[in-house]
Each structure stands twice: as structure tokens, then as C-alpha cells.
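*Asks:* Next come a sequence and a model predicted from it.
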Amino acid sequence: MSSPERWEAKQLKASGVLGVKDHPVYHDEIEEGVLYQDVCAEKEVEVELNEDEPAFLQGKTKYLIDMSPVKILKNPEGSLSRARALQAALSKERKEIEGQTKTKNDH
């Protein structure tokens with residue numbers, strides 16, 4: 001019984017259309033009553049890799065392999081550095097204001 005046939009039988013059984021005893025591979029000796037003989041059957045598969053470069057990629061793949069990773073550089077004049085400095089200054093100012101407000105409320 002093929003996988004699609006097993007799936008179909010399972011769906012029919014779950015919907016109540018197909019009774020267990022009506023199943024195509026029903027056996028009285030088994031607890032569930034259904035035996036799938038080819039479930040455990042393993043097929044030996046041999047995989048062969050094709051190492052040849054396709055025509056549309058000829059001469060291009062060697063450059064991809066030889067590329068070094070992009071270096072990450074710090075740029076102190078960049079927009080992220082400016083944004084970080086601005087946020088640090090705003091955070092410091094906010095903490096100072098909160099500290100002043102807290103000391104005024106304590107007195």
C-alpha cells in the first residue's frame with residue numbers, strides 16, 4: 001500500500017466512512033487490526049554529485065570562493081556614532097534633571 005493510499009485510508013477511517021474491518025489491509029491477529037507491510041521497507045538510494053560547473057556560472061564561482069569577509073571598521077565621524085553620542089548626552093541630561101527634581105522634592 002503506497003503512502004497516498006495509507007493517508008487516504010487514514011482520513012476515511014478518521015471521518016468514520018471507513019470502518020477498521022473494512023480497511024484494505026485489516027488483520028484479526030493484530031491489536032489495531034491494520035498492518036502496513038511496506039512501512040519498514042527501506043530502499044537503497046545512491047546519490048551521485050555532479051562537480052561540473054554549469055555553463056552560465058563558468059568563471060564566476062571561483063571568485064565567490066576566494067572572497068574574504070568584509071572588514072568592519074569603526075567610523076567615529078559616522079551617523080551612528082553621532083546618534084550614539086546624542087543619545088548619551090540626552091540620557092545624561094535627563095538623569096541630571098531627575099536628580100534635581102528628586103533633591104527639590106526631598107527638601
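*Replies:* Sure thing, it's come through. Residues are numbered from 1 along each chain as shown.

*Asks:* which SS state does Gly19 fall under?
*Replies:* Look at Gly19: counting by DSSP: H, G, I helix; E, B strand; the rest coil, its state is coil.

*Asks:* in what helix or strand does the closest residue to Lys74 other than its chain neighbours lie?
*Replies:* Of all residues not flanking Lys74 in the chain, Ser81 sits nearest, at 7.9 Å (C-beta to C-beta, 6 or more residues apart in numbering). In this view, the C-beta of every residue, glycine as well, is placed from N, C-alpha and C. Per DSSP states H and E, Ser81 falls inside helix 79-106.

*Asks:* what's Ala9 sitting at in phi/psi?
*Replies:* Dihedral pair for Ala9: phi -60, psi -40, per degrees, to the nearest 10.

*Asks:* my guess is it contacts Gly19, does it?
*Replies:* No - look at Ala9 against Gly19 with C-beta atoms under 8 Å: they stay out of range, at 11.1 Å.

*Asks:* returning to what we had before: what's the helix holding Ser81 packed up against?
*Replies:* Under the contact definition 3 or more C-beta pairs under 8 Å, 6 or more residues apart in numbering; DSSP states H and E, helix 79-106 sits against no other helix or strand.

*Asks:* what about it, distance to the chain center?
*Replies:* 41 Å (C-alpha atoms, centre = their mean, to the nearest Å).

*Asks:* name the element Gln11 belongs to?
*Replies:* helix 3-15.

*Asks:* same question for that helix, mean pLDDT?
*Replies:* Averaging pLDDT along helix 3-15 yields 83.
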